[in-house]
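Undergrad: Mind folding the following:
(chains A and B)
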2 protein chains.
Amino acid sequence: MSTPKFEYQALGKSGLARRGRLHTAHGTVELPAFMPVGTQATVKAMMPEDVAATGADMILANTYHLTLRPGADIVEQLGGLHKFMNWPGPILTDSGGFQVMSLSKLRKLTDHGVTFQSHLDGNTCELTPETSIEIQRQLDADVTMVLDECTAFPATEDVAARSLDLSMKWAKRSKDAFTDRPGYGLFGIVQGSVYPDLREQSATALTEIGFDGYAIGGLAVGEGQDMMLETLGITLPHLPENKARYLMGVGTPSDLINAVALGVDMFDCVMPTRSGRTGKAFTRRGEINMRNARHAKDPRPIDENCACPACADYSRAYIHHLFRAEEMLGGMLLTRHNLHLYQDLMADLRASIETDTFSKVAKIWETGLKIGDIEAI
Amino acid sequence: MSTPKFEYQALGKSGLARRGRLHTAHGTVELPAFMPVGTQATVKAMMPEDVAATGADMILANTYHLTLRPGADIVEQLGGLHKFMNWPGPILTDSGGFQVMSLSKLRKLTDHGVTFQSHLDGNTCELTPETSIEIQRQLDADVTMVLDECTAFPATEDVAARSLDLSMKWAKRSKDAFTDRPGYGLFGIVQGSVYPDLREQSATALTEIGFDGYAIGGLAVGEGQDMMLETLGITLPHLPENKARYLMGVGTPSDLINAVALGVDMFDCVMPTRSGRTGKAFTRRGEINMRNARHAKDPRPIDENCACPACADYSRAYIHHLFRAEEMLGGMLLTRHNLHLYQDLMADLRASIETDTFSKVAKIWETGLKIGDIEAI
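TA: Numbering: from 1, shown residues only, chains lettered A, B, ... in the order given. Just a heads-up that it's a prediction; the model follows:
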């Protein structure tokens, strides 16, 4: 087998919603796609083959965490992230920038890069566009993300513009530092807060540099779904049609449906996995808190329309018991269910784009999701 | 299919070591057998199908814990423990007595039974021989254990004798309270601390009452392996040959080998599962602490002679990373490995009895186990 070219393949549209494929060194990703998050080289509470069984083609891993522990050198020595964590499929790594801002202490941001203290041992570390690219190469990421500054929300237009200026300089340096290898791609990240002019300026600047895909960053940071979708709507038209578009860190099932409707191809979010460990189930009829006493005797599955192992073989009563008893299997089963639900949603959306019934299918899902927890019983 | 009779089937011996089968309502258990512990209706950190895949035929669940949460009524309403926890195979439940003594507060022991405070909510509860039997019926245990008083260690012979007297009265009441159902059995429990006369007296008394199997209780409570084996050696000859013998709460791989050598058929212990969650790996060459820094770059599997998924697909370096990063997958993989190792040991011992090479195979295992952690690298 020859290594495939890294490539976005367009398969069709339904309205603005796009059906496509992303070809990478480690396999093909059916788009639109949701990527489960494997922050520390593991999708929490899941065996990797079970992640694949939910329908996920690609996962995300976090450069910041893996740099600090176990270290990119060790991952590289052990054959890269795919072998290290036993995930043979495509992997996207972030640049580490977002976590430097949100997790580490004593950050010093200069044009050169960012200096920070590890949240683990207090050691001083530096991340620059060039070192981030090199670390992601060591990790063997199929998709490498440029280092950027994720503009805080809210930000004045002046602050957002200065932040964007830095991010665009770093994007160019990232592109220069990235070594082309067959099947591997580099994504730029659009910033600009909620300001249409800045978003357009960012998208245009990145397109001029030329990337293998484009992410939309700086959203889902507190602006609310309406403003997120509005900002997406004014940003996406400025991105090339023939490259994948990735909305970073998003979101709820409703967020995914509405962003796909605008033409987004890729998502990642800790929501299904984190919720799974804390007892929150996503269903086709809204969210359920499995710790609630009303599930204690309920023989029904979490979601009667779900074919996942947690719904096939276990009652709400049992899963409720596991959470009350603080048993690991509770988080294991619920993570599996939530990821399955997310992947079922994406599969439904993909199929609906193929048959040009996207808006109808999207509405069925949205209507169901709004029924909500109380009505689900 | 007709429900099988509850029955011990003798298949052969090698020295005193016994190869047999235990037929139960929910399937057959190849003996000698190690039962993983599923205290709260889950073998911690494991999907039940993965427990079965390690080679386990039967598991143990704890009456004390399940009575307090979720309650035997709820388990019964939901179809019994097998359906509740998705373990279709045989299940043994203990009587709850041991945990009342070790976990609960404000115990009051009378001839009638034991009154205690729940360690969960402080509620006052009572356990008698009759209620324990009824709870285990509600749980739908294939093997029910009689309520006994596990004599503390050390105990004077007087104290041990008085404790034994109570346990034998309770054994009789348990037998009277137990309703015969095809495929379901009741086991008596030999007590008597480390006193040969008391052990003989207990074994004889239980045999006269007549049980479907016999457990040896009150061992592995601090007396050490030598005294445990000595006590076993003087107890087992007083038990009927045509019933299963179960050594409760034991033990290390070495304990298992030596107890099988004396004619024990069944074991349970939290050791492989608890160790798995805290980073201790059992291997054919002794124990390994996976948190130790010397594993940080080691590409080898935990145990090069192990075919479990954790050894097939993951390096020591990765598992070390998972424990350092406090990722659930560390405990999941190591639990799986440890249970696999225990089941491999039991399968080897069973095969060796069939070919009358038990002492040779036992010696190979014992020699390997003594190599120890340091030599394993």
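Undergrad: how about the residues of chain A near chain B?
TA: Within reach of chain B by C-beta under 8 Å from any C-beta of the partner chain, chain A has these residues: A:40-42, A:44-47, A:65, A:69-70, A:74, A:77-79, A:84-86, A:296-297, A:299, A:309, A:313-315, A:317-318, A:320-322, A:324-325, A:327-329, A:331-332. C-beta here means a position set from N, CA and C on the backbone, and glycine is covered the same way.
Undergrad: can you count the residues close to residue A:29?
TA: As a burial measure, residue A:29 scores 25 neighbours (other C-beta atoms under 10 Å in any protein chain shown).
Undergrad: residues contacting it?
TA: Counting by C-beta atoms under 8 Å, 6 or more residues apart in numbering or on different chains, residue A:29 makes contact with A:21-22, A:57-58, A:90, A:266.
Undergrad: next one: residue A:39
TA: Residue A:39 sits next to A:61-62, A:65, A:270 when contact means C-beta under 8 Å, 6+ apart.
Undergrad: Of the residues you listed, which is the most crowded?
TA: When these are compared by neighbour count (other C-beta under 10 Å), residue A:61 ends up highest, at 26 neighbours.
Undergrad: now that we have the contacts of residue A:29, which one has the most neighbours?
TA: Compared across the contacts of residue A:29, residue A:22 has the highest neighbour count, 28 neighbours, by other C-beta under 10 Å.
Undergrad: Please name the nearest non-neighbouring residue to residue A:249.
TA: Excluding the flanking residues, the one nearest residue A:249 by C-beta to C-beta, 6 or more residues apart in numbering or on different chains is residue A:220, at 5.1 Å.
Undergrad: same deal with residue A:236?
TA: Sequence neighbours aside, residue A:263 is the residue nearest to residue A:236 in space, at 4.9 Å (criterion: C-beta to C-beta, 6+ apart).
Undergrad: residues touching residue A:266, list them.
TA: Residue A:266 is in contact with A:22, A:29, A:31-33, A:35, A:58, A:92, A:213, A:244-247, counting by C-beta under 8 Å, 6+ apart.
Undergrad: Show me which of these is closest to chain B.
TA: Taking C-beta to the nearest C-beta as the measure, chain B lies nearest residue A:35 of those, at 17.8 Å.
Undergrad: What count of nearby residues applies to that closest one?
TA: Using other C-beta under 10 Å, residue A:35 has 23 neighbouring residues.
Undergrad: quick one on the thing from earlier: ramachandran angles for the residue nearest to residue A:236?
TA: The phi and psi torsions at residue A:263 (degrees, to the nearest 10) take the values phi 110, psi 20.
Undergrad: swap in the one 3 residues further on?
TA: Taking degrees, to the nearest 10, you get phi -140, psi 150 for the backbone angles of residue A:266.
Undergrad: Return the distance of it relative to residue B:66.
TA: Taking C-beta to C-beta, to the nearest Å as the measure, residue A:266 falls 45 Å from residue B:66.
Undergrad: In strands only, show me the contacts of residue A:266.
TA: Applying DSSP state E to those, the entries found in strands are A:22, A:29, A:31, A:33, A:35, A:92, A:213, A:244-247.
Undergrad: Compare the residues you listed and tell me which is most surrounded.
TA: The residue in the ones in strands among the contacts of residue A:266 with the most neighbours, by other C-beta under 10 Å, is residue A:244 (30 neighbours).
Undergrad: check contacts around residue A:19.
TA: Residue A:19 makes contact with A:10-13, A:31-32, A:350, A:353-354 under the criterion C-beta under 8 Å, 6+ apart.
Undergrad: quick revisit: measure how buried the residue nearest to residue A:249 is and give me the count.
TA: Neighbour count for residue A:220, taken as other C-beta under 10 Å: 22.
Undergrad: In terms of secondary structure, what does the one helix or strand residue A:205 maps to contact?
TA: Under the criterion of DSSP states H and E, residue A:205 resides in helix A:196-209. If you count contacts as 3 or more C-beta pairs under 8 Å, 6 or more residues apart in numbering or on different chains; DSSP states H and E, helix A:196-209 packs onto helix A:157-177, strand A:185-190, strand A:213-216, helix A:225-235.
Undergrad: Run through the strands of the stretch 201-350 of chain A in chain order.
TA: Assigned strands in the stretch 201-350 of chain A, in chain order: A:213-216, A:244-247, A:266-268, A:280-283, A:286-289 (criterion: DSSP state E, counting those that start in this stretch).
Undergrad: Neighbouring strands - and their directions - for the second one?
TA: Right, the one you point to is strand A:244-247. Paired with strand A:244-247 in the same sheet, following DSSP bridges, are strand A:213-216 (parallel), strand A:266-268 (parallel).
Undergrad: Now do the shortest one, average pLDDT.
TA: Throughout strand A:266-268, pLDDT has a mean value of 98.
Undergrad: Off-centre distance for the helix holding residue A:205?
TA: Relative to its parent chain, helix A:196-209 has a centroid offset of 22 Å by C-alpha atoms, centre = their mean, to the nearest Å.
Undergrad: what angle sits between it and strand A:185-190?
TA: Computed by axes from the mean of the first three to the mean of the last three C-alpha atoms, to 10 degrees, the angle separating helix A:196-209 from strand A:185-190 equals 160 degrees.
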